[in-house]
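A.B. asks: Fold the following, please.
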Amino acid sequence: MPPDPLSATLSALADPTRRAMLARLAEGPATVNEIAEPFAMSLPAISRHLKVLERAGLISRSREAQWRPCALNAAPLRDVAGWISHYRKFYEESFDRLESYLKTVQSDVKKGRKHARKSK
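C.D. replies: The predicted model follows:
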């Protein structure tokens, strides 16, 4: 059974080489050779990475004469951002609690009070 689109996208994004390739394609379409230029790996290895990105729907390939330029498709990234946004409340509340604690500590320090460290 093929993975769901979100899993395929997250799996493709898990590799730093593929993330770097997407960053390059965010600048505009590029050929395989242009994408491969900064990497110290073979063209077949580059092609395998591009196939993963293509299967995840993150890139598209077209044909222009003998060239096969690749272009970024950002829609799956929007889906990942939407999924992550459901957890935004959790980390924002954590930051709010940290900010409140730091203000309390700073206030107490200004007043000359010492803070005992809580032990677990």
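
A.B. asks: hey, let's count contacts and neighbours off CA atoms from now on
C.D. replies: Will do.

A.B. asks: Point to the residue nearest the middle of the protein.
C.D. replies: With distances taken as CA atoms, centre = their mean, residue 13 lies nearest the centre of the chain, 6.0 Å away.

A.B. asks: check contacts around that one.
C.D. replies: By CA atoms under 8 Å, 6 or more residues apart in numbering, the residues touching residue 13 are residue 19.

A.B. asks: Mind giving me the packing neighbours of the host helix or strand of residue 52?
C.D. replies: For residue 52, the host element (DSSP states H and E) is helix 43-55. On a contact count with 3 or more CA pairs under 8 Å, 6 or more residues apart in numbering; DSSP states H and E, helix 43-55 meets helix 5-13, helix 16-25, helix 32-36, strand 59-61.

A.B. asks: for these, which one sits closest to residue 68?
C.D. replies: Of all the helices and strands packed on helix 43-55, strand 59-61 sits nearest to residue 68, with 6.1 Å by CA to CA.
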